[in-house]
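Asker: 3D model of this:
(3 chains)
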Amino acid sequence: MRKMWRWLKARRFKVAVVAVVLVLLVAVALLQASMDSGVSAHPAVDQSSPYQTGRSILDLLGGVRETLAAYFWTKTDTIFHVYYGHDVTKEVPLYPYYWMITRLDPHFVMAYYYASYMLGEFGHPDAGLQLALDAVRHNPDSALLQENLATIYFYFMKDPAKAAYHGSKAIALAKSADEAHIYRFFQNLVEDVLAGKRKMPKTIPLSDVLRLNPDKD
Amino acid sequence: MNGKAVTLEHIKKTYRVGASRKRRAAVEDLSLEVGYGGIFGLLGPNGAGKTTTLKVLLGLVFPDSGSGTLLGTALGDRQAHKRLGFLPEQPYFYGFLTAEKGLALYGQFFGIDEGILQKKSADLIEMVGLPHDSHLTLDKYSKGMLQRFGIAQALLNDPELVVLDEPSSGLDPVGQKEVRDILLQLKDDGKTIFLSSHQLSEVENICDSVSIVSAGRSVLEGKLSELLTVEGLTRIVLSGEDARAREGLSFARSVEQADGFTTVEVSSGDTYRALEASRALGMELVSAQPYHRSLEDLFLETVKETSS
Amino acid sequence: MRNVVAIAVNVIKDTARKKIFYVVFLFGLVVVALAPLLPTFELGSQASFLRDISVSLTSLFGVVLAVVLSVGQVPGEVDKRTIYNILSKPVSRVQYLLGKYLGIVVSLAAILFVMSLEIIVLLAVRVQVFSPVIFQGVFAVFLEACVISAFCLMLSTFTTVPINVFAAILFYFVCHMKTGFLHQRLVAGSMNGFLKVLAGAFYYVIPNLENFNISQQVGYGGGAGWWYMLRVTGYAVFFSAIFLLIGYATFRRKDL
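Answerer: Next up, the predicted model:
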């Protein structure tokens, strides 16, 4: 015991530094726990979101533009879930972010997907169509963007023929049978409308799921 | 003042060098003492440990072992620094400051009142011979001007002890003379000066005592006059180059004739005999004094002995 | 205290001399002048978007500024040997370090304050909105910059500038990225006890710089509450103190 005391005494400055640092670490841990438990800067990400969003963090590893685009993308996720209660009818304020992302990274498919449709949803169908065409130009191999273009032609431009053309392209470009199967739902609707078996839907579906499968409950 | 201005006892300082991080001694076992008043010179070849010794003294470097005092307080005590002035070797200062602003900054550390500081700064700038251009920043100064500014900032707090590392470095002969005069004036004012220098002529001209450092140790220390005096020898200088001098002064250790003078070295006991002999030869006496060797000779001899 | 302030004032003068202040000011003038040329979005709240993005960009700028002002402080002075003229005077090493940090913090505060004024003007010009909540967002940026500066100053007492810069970048990413990942998966999740303790220790010991990111509250939520701001200020102060203490512990006996 005495030996230990002498050892400590010989290093009293270092011991004092360690002690103070430990006390400060406890203090910051308590503050952090307090901030985590209360309403704070970053409420929990909604686990029920149908699309994985955290994945874009991996994008932070490459390219300044891609990095910035990914940064804006993660922002939209938090804003949508925290400030707009996952309500797609209220997500209009997110449009600037999606637009910015498409400027930064023309290969950011999801941003084009949301932004072009939002333009149509909220009264700017021509602008939405242009953005969707841009998207396809930059990403000709994207099945999702072909599908996106098809839905815009169908719901906003009321042109089922063009919708059918792009819908079939989406199915052809689909990377898996499951993906093609999803696009098939919408293509069936379009073909039914073209064949006169069904009327063009009057309401424009707002959610992604309903857009591709308007018959889904 | 009682006590010593500086004492260093068995100071040892090693550094890790090279890829193998082997320890190399910069100062091996150095002890020295500097009394109050007078000018003390620290001499040594390159790598002897002079700068490391100064840094240990000033708390810039921490010795592995040994102890010391500075102005009566233990090494590391910041209180002593209030009474200390320091000029590092080839000093650098904040380039964006002017001389006045630089002195104002350093003066703040001593708690000198602003009004007094302004007057002091003006006096010091005048004393060291710096231009009075208040727009000229220190980054535009020549090496010599920086050295002068360095001396000014070392004297700002009217220190009891002034530590100078190569004070004449970068100065022209006129500048060197001016520095010499400043140091002698400081000595007359009762200050203690501790200087490290390579310029042996400068040290020989102004230092009262020296310590010669070699391979990290103090190998010779003492009053300069005593160290340079060769016991038992007298040097007599006579006017003229009389050919009979060699014969008439054959008992002398050496007789050399050059440039119109005859220089005779005799044992102290034969001084009067030599004077009589030279009078008999009709040669006029110029000077007769105990024989002094030059500091350069002493330095080289000491360092050679140490290295062998 | 006098010595600390004298050194701090010297740091501020040095920063001003480096024209960083003027670059920021000019940048702001250019941004405000170009404000009418910014794109108009067909949809969305421009004010919210601009508030959010301005604070986010200021955050990035603040981090760069913090690193630039801090990394070279001690190594630069040791290399140039200007430190000898300071530490040979009755200035202790702790006063020296605190003076440097205070100078950096004041410089950061001044620059970021000017930037927040520029954002306010930009919003007023572009969207005719007055948003004093911007000051709160930039204050949080300032707190983050203070923590990063303290970290860089700590490293500068024993590393070179390039290593310090690299470490600062790594520090920034780790302290921003680890939050959601660690807290969700390990601390609140279903790992075994030992790993949870380890993850918890890791989570709490490393500064969570995301705490200072309130750009979304500023943009969309009307700002963060005073209680949150108080805690996050304490968080910044404590972590800065930790880094400065460690820095002093290494600097205290460093051979110069």
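Asker: isn't B:Tyr41 right up against B:Asn205?
Answerer: Rather than Tyr, residue B:41 is Gly. No - shown here, B:Gly41 and B:Asn205 do not form a contact pair, counting by Cβ atoms under 8 Å, at 10.3 Å. Heads up, the C-betas are built off the backbone N, CA and C, glycines and all.
Asker: Between those two, tell me which one has more neighbours.
Answerer: The residue with more neighbours, out of B:Gly41 and B:Asn205, is B:Gly41; 24 against 16, by other Cβ atoms under 10 Å in any protein chain shown.
Asker: Which residue, other than its chain neighbours, is closest to the more buried one?
Answerer: In space, and not counting its chain neighbours, B:Gly41 is closest to B:Cys207: 3.8 Å by Cβ to Cβ, 6 or more residues apart in numbering or on different chains.
Asker: Give the closest residue to B:Gln79 in space, chain neighbours not counted.
Answerer: Using Cβ to Cβ, 6+ apart, the closest residue to B:Gln79 is B:Thr73 (5.9 Å).
Asker: do you know how far that neighbour is from B:Leu164?
Answerer: To B:Leu164, B:Thr73 is 21 Å away according to Cβ to Cβ, to the nearest Å.
Asker: The chain: helices as residue ranges?
Answerer: Since no chain was named, I'll use chain A. Along chain A, the segments classed as helices by DSSP state H run A:2-10, A:12-37, A:64-83, A:95-104, A:109-121, A:125-138, A:143-155, A:160-173, A:177-194, A:208-212.
Asker: looking at chain C here, not the other one
Answerer: C:2-17, C:20-34, C:46-70, C:73-80, C:82-87, C:93-127, C:133-156, C:161-182, C:193-205, C:215-216, C:226-251.
Asker: in chain A, what spans have low per-residue confidence?
Answerer: A:38-64, A:206-217 (pLDDT under 70).
Asker: B:Asp139 reaches B:Gly95, doesn't it?
Answerer: Yes - counting by Cβ under 8 Å, B:Asp139 touches B:Gly95, with 2.9 Å between them.
Asker: Of these two, which one has the most company?
Answerer: Between B:Asp139 and B:Gly95, counting by other Cβ under 10 Å, B:Gly95 is the more crowded of the two (16 against 12).
Asker: which residues touch that one?
Answerer: Residues in contact with B:Gly95 (Cβ atoms under 8 Å, 6 or more residues apart in numbering or on different chains) are B:137-139.
Asker: Now it, what are its backbone angles?
Answerer: The phi and psi values for B:Gly95, taken as degrees, to the nearest 10, are phi -60, psi -20.
Asker: pLDDT at it, what is it?
Answerer: pLDDT for B:Gly95: 89.
Asker: For it, give its distance to B:Leu136.
Answerer: From B:Gly95 to B:Leu136 the distance is 11 Å (Cβ to Cβ).
Asker: need the contact list for residue 167.
Answerer: In the absence of a named chain, this looks at chain A. A:146-147, A:150, A:183, A:186-187, A:190.
Asker: was after chain C, sorry
Answerer: The contact partners of C:Ala167, taken as Cβ under 8 Å, 6+ apart, are C:155, C:159.
Asker: go on, the one 4 residues further on?
Answerer: When contacts are counted by Cβ under 8 Å, 6+ apart, C:Phe171 is found next to C:148, C:151.
Asker: and with 7 Å instead?
Answerer: Taking Cβ atoms under 7 Å, 6 or more residues apart in numbering or on different chains, we find C:Phe171 in contact with C:Phe151.
Asker: Over to B:Arg293?
Answerer: B:228, B:230.
Asker: what do you get for B:Thr14?
Answerer: B:23-26, B:64.
Asker: cool, and B:Phe149?
Answerer: B:93, B:99, B:102, B:130, B:138, B:141.
Asker: Could you measure from the spatially closest residue to the third one that is not a sequence neighbour over to B:Ile116?
Answerer: Read it as B:Gly102. Nearest residue to B:Gly102, sequence neighbours excluded (Cβ to Cβ, 6+ apart): B:Phe93, at 5.6 Å. B:Phe93 is 22 Å from B:Ile116, where distance means Cβ to Cβ.
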